[in-house]
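In: this one's sequence-less:
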């Protein structure tokens, strides 16, 4: 069940960002948990933060795009990169000093291996070489 969910999430991300190497992958039905809404500023789906977010259900050291390991000697600190693109937002609840609540909308960045980060960088910044 978890592997099917991860595969469906990966296909949806590639459908939104464009499939790698010109291959065509179809958009599949998303996770059962619908987003809270659409963020007004970025027009992206808005979910609760992990572990409630259905789009962020991955193992600790797993690449969100290729489902491989993000542990890599080339990466800073050896644990991969954050994505250059944003596919959804998280709502973060804060309690102020006066006891009142505030909610922030935080861009949700995917954890990527070096190979997937380079592909993601090219989508976000076409024509600008990646430093890694």
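Out: Here it is on my side, so go on. A quick note: this is a predicted structure, and the numbers were derived from the prediction, not measured.
In: mind listing what the closest residue to residue 81 other than its chain neighbours touches?
Out: Closest residue in space to residue 81, ignoring its immediate chain neighbours: residue 117 at 4.1 Å, by CB to CB, 6 or more residues apart in numbering. Where C-beta positions appear, they are placed from N, C-alpha and C, glycine not excepted. Residue 117 makes contact with 80, 81, 83, 84, 130, 132 under the criterion CB atoms under 8 Å, 6 or more residues apart in numbering.
In: Where does the residue in the chain sticking out farthest from the centre sit: helix, strand or coil?
Out: Relative to the centre of the chain, the most outlying C-alpha is that of residue 98, 33.5 Å out, by CA atoms, centre = their mean. Using DSSP: H, G, I helix; E, B strand; the rest coil, the structure places residue 98 in coil.
In: Helix or strand: which one has the residue nearest to residue 81?
Out: According to DSSP states H and E, residue 117 maps onto helix 114-124.
In: buried sites along that helix?
Out: Neighbour counts over helix 114-124 (16 or more other CB atoms under 10 Å) mark 114, 116, 117, 119, 120, 121, 122 as buried.
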